[in-house]
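Undergrad: give me coordinates for this.
(one chain, ligands or ions: 1)
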Amino acid sequence: MSPPAKPGVYLKEIIQHIYLITSSLPRLFMEGRMPKQPQVFIANRALTITINPAYSLLNNYLMQGVPVQTLCGGRAGCGRCRFRVLEGAAHLSPVRPAEIARLGEPLIAAGWRLSCQSHALRDVTIELPEMHEEFDARP
Ligand code: FES
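TA: Numbering: from 1, shown residues only. Sure, this is the predicted structure:
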């Protein structure tokens, strides 16, 4: 049985990794090799927005003034923030159980997702329902 690891050993490794990553960022930036931020093209509105992947698509829309419906405030409760993926479904965060519960398997299989539960990790093309469209699907 090996002796328990000392917490200080892991901390030292973490600090070394942070140093390596942060020290290489200026070089990557100067070489033009910084990963670009994902973009979402909203096809039916002819609108492209740059996404911060740390925030849900709904929060990105709201921060950038993109009109989108929400009644539940992003809790997967209303289904109003739904969107349909046209291209790049694999570039989104995995489907969450809350999305399946709200939209149902048939809509998920047809490419529908919830903006409040999804994060774009790379470029995607979507369509958003118009602001006046209701959502009457029940789980
Ligand atoms: S904002 Fe209500 S389900 Fe996404």
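Undergrad: any idea how this protein splits into domains?
TA: 1-34, 39-127 (automatic domain parsing).
Undergrad: now do the last one: distance from first to last residue.
TA: Spelled out, it's domain 39-127. End-to-end distance of domain 39-127 (Cα to Cα, to the nearest Å): 14 Å.
Undergrad: hmm, that domain touching the ligand?
TA: Yes - Domain 39-127 comes into contact with the ligand (Cβ under 6 Å from any ligand atom), by way of 58, 70-72, 74, 76-81, 102, 114-116. (Each C-beta comes from the backbone N, C-alpha and C, glycine too.)
Undergrad: in strands only, show me those residues.
TA: The members of the residues of domain 39-127 next to the ligand that map onto strands under DSSP state E are residue 114.
Undergrad: for the residues of domain 39-127 next to the ligand, which ChimeraX command selects only the ones that are buried?
TA: Selection of the buried residues among the residues of domain 39-127 next to the ligand in ChimeraX, burial being defined by 16 or more other Cβ atoms under 10 Å:
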select :58,70,74,76,78,79,80,81,102,114,115,116
